[in-house]
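> Predicted structure and sequence below. I'll ask about it afterward.
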Amino acid sequence: MSHLFLGLISGTSADGIDAALVEFPVPDATAGLRLHAACVHPWAPPLRERLVALGQGGALASLDELGRLDVQVGHAFADAARTLLEEAGVTPARVLAIGSHGQTVRHRPHGDAPFTLQIGDGSVIAERTGIATVADFRRRDVAAGGQGAPLVPAFHAALLHSADEDRAVLNLGGIGNYTLLPRAGAASGFDTGPANALLDAWCLRHTGQAFDADGTFAATGTVDAPLLARLLDEPWFAQPPPKSTGREQFHLEWVQARLHGGESAADVQATLMELSAATIADALHRQQPGTARLIACGGGVRNTRLIQRIAARLPGVIVESSAAHGLDPDYVEAMAFAWLAREALAGRPGNLPAVTGARGPRVLGVVHPA
């Protein structure tokens, strides 16, 4: 009998809640899993605007506002899960657990009191769906001295490792992150910096569109080499792994501070695309120069110009979508949180200390019973 788990995530861009229903044919194995059904559930625009502002470092009006947002996001995630199950014709009783990433509103893994905060009350999700919900995956890793991110590499390693070649899995969300899978040796991973976050934000400001479909806006501009150099001069890019980042660091004010004035909006968009491609390629050259194959997933896979720019900076590396390996690139992260929920209920660690920098493997997530 197959086992169903449901994964929920809204990433850095907060462009929708990804929901994935994952079928595991064998209780304790990852091989043979399949995506049973999936959907993207839209945010209510006012709530999304508030979450994006908070994710970029905006201030909370009060502790009461945080409490309300936590519950509101929980309801939105519950709605996403219920919609998916209705569309798939699956009753809640068939789903063993939901794994909910929540919405990151702060990520501060450094300092004297490191923390990460994802909101979306797991109790609300469990109550609204009638399904046990595992949430708050990142904080245990941070408590153990880790970055709390990225967490998807353990899932990538379970599915995409090859004994025949060195591979890298690249998630192109708002922030880019790598999972490095050498043919021999332990997996590793880290954030690379902005992938879509700056592109989306600049595109919205100057065109009114939430994202640059297929990079068409960037294609109307020319890369501004001096601006690109100023952007690449950000010290974070030179830091060694483990490292993670988010919209609170890479936002439009960060870009604005590096403009001299007079740059065309299209040229800035083209330069931001080249920034994403350059930092992604440079990180792979530094950390795993023998990579033979790069497997890309996340929303950025649909931006063919961005993929072309990454490939151009990685001669000799096969660059392909995770679809070539049977994984829908739009839902790999949501599938990963379904898998992490299963690992949590089984009492198995969900982090990779070599990726996050934690003191050791930890079981991740807080269980909210049905």
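In hand now; what should we look at?
> C-alpha from now on. contacts and neighbour counts both.
Noted.
> can you map out the helices along the chain?
According to DSSP state H, the chain carries its helices in the segments 45-55, 63-88, 122-129, 139-143, 153-160, 197-207, 216-219, 225-232, 252-256, 265-287, 304-312, 332-345, 353-356.
> any chance of the ones you listed in JSON lines, plus distance to V367?
Listed next are these as JSON lines, based on distance: least, CA to CA, whole Å:
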{"stretch": "helix 45-55", "distance to V367": "24"}
{"stretch": "helix 63-88", "distance to V367": "14"}
{"stretch": "helix 122-129", "distance to V367": "8"}
{"stretch": "helix 139-143", "distance to V367": "13"}
{"stretch": "helix 153-160", "distance to V367": "20"}
{"stretch": "helix 197-207", "distance to V367": "31"}
{"stretch": "helix 216-219", "distance to V367": "44"}
{"stretch": "helix 225-232", "distance to V367": "41"}
{"stretch": "helix 252-256", "distance to V367": "37"}
{"stretch": "helix 265-287", "distance to V367": "35"}
{"stretch": "helix 304-312", "distance to V367": "38"}
{"stretch": "helix 332-345", "distance to V367": "8"}
{"stretch": "helix 353-356", "distance to V367": "22"}
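> The ones you listed: lowest mean pLDDT?
Ranked by mean pLDDT, the helices of the chain end with helix 45-55 at the bottom, a mean of 91.
> quick one: contacts of that one?
Contact with helix 45-55 is made by 12-15, 60, 103-106, 246-248, as judged by CA atoms under 8 Å, 6 or more residues apart in numbering.
> Can you go through the residues you listed and name the buried ones?
Taking 16 or more other CA atoms under 10 Å as the criterion, what is buried in the contacts of helix 45-55 is 12-15, 103-106, 246-248.
> what's the nearest residue to A338 if we skip its chain neighbours?
In space, and not counting its chain neighbours, A338 is closest to G7: 4.0 Å by CA to CA, 6 or more residues apart in numbering.
> Relative to E86, which of the buried ones among the contacts of helix 45-55 is nearest.
D15 (21.8 Å; CA to CA).
> my guess is the closest one meets W43, correct?
Yes - using CA atoms under 8 Å, D15 is in contact with W43, at 7.4 Å.
> Just put the buried ones among the contacts of helix 45-55 in TSV and tack on distance to T133.
Shown next, in TSV, are those (distance: CA to CA, whole Å):
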residue	distance to T133
T12	22
S13	23
A14	21
D15	23
Q103	15
T104	18
V105	20
R106	22
G246	25
R247	26
E248	28
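> In strands, which of those appear?
Judged by DSSP state E, the subset of the buried ones among the contacts of helix 45-55 located in strands is 103-106.
> Make CSV out of the helices of the chain and add distance to H3 and mean neighbour count.
Formatted as CSV, the helices of the chain follow (distance: least, CA to CA, whole Å; neighbours: other CA atoms under 10 Å):
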stretch, distance to H3, mean neighbour count
helix 45-55, 33, 16
helix 63-88, 15, 18
helix 122-129, 17, 22
helix 139-143, 26, 23
helix 153-160, 17, 20
helix 197-207, 35, 20
helix 216-219, 42, 19
helix 225-232, 46, 15
helix 252-256, 43, 13
helix 265-287, 36, 21
helix 304-312, 35, 18
helix 332-345, 10, 26
helix 353-356, 28, 25
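> quick one: which of these is nearest T116?
helix 139-143 (6.1 Å).
> quick one: contacts of the closest one?
By CA under 8 Å, 6+ apart, helix 139-143 touches 109, 114-117, 147-148, 351, 356, 358, 362-365.
> Likewise for stretch 178-192?
By CA under 8 Å, 6+ apart, stretch 178-192 touches 149-150, 153, 156-157, 161-171, 175-177, 237, 241-245, 279-280, 283, 288, 291, 352, 354-356.
> Of the residues you listed, grab the buried ones for ChimeraX.
A single ChimeraX command is used to select the members of those judged buried by 16+ other CA under 10 Å:
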select :149,150,153,156,157,161,166,167,168,169,170,171,175,176,177,237,241,242,243,244,245,279,280,283,288,291,352,354,355,356
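> First-to-last residue distance for stretch 116-134?
Start-to-end span of stretch 116-134 (CA to CA, to the nearest Å) is 17 Å.
> Using the record's assignment, carve this protein into domains.
3-148+333-368, 153-325 (automatic domain parsing).
> Centre of the chain to the first one, how far?
Yep, that's domain 3-148+333-368 we're talking about. Between the centre of domain 3-148+333-368 and the centre of its chain there are 11 Å (CA atoms, centre = their mean, to the nearest Å).
> Farthest-apart pair in the contacts of helix 45-55, please.
Pairwise over those, using CA to CA, the maximum falls at D15 and L60, 20.8 Å.
> Just the closest of the ones in strands among the buried ones among the contacts of helix 45-55 to I310, please.
After measuring those against I310 - CA to CA - the closest member comes out as T104, at 26.9 Å.
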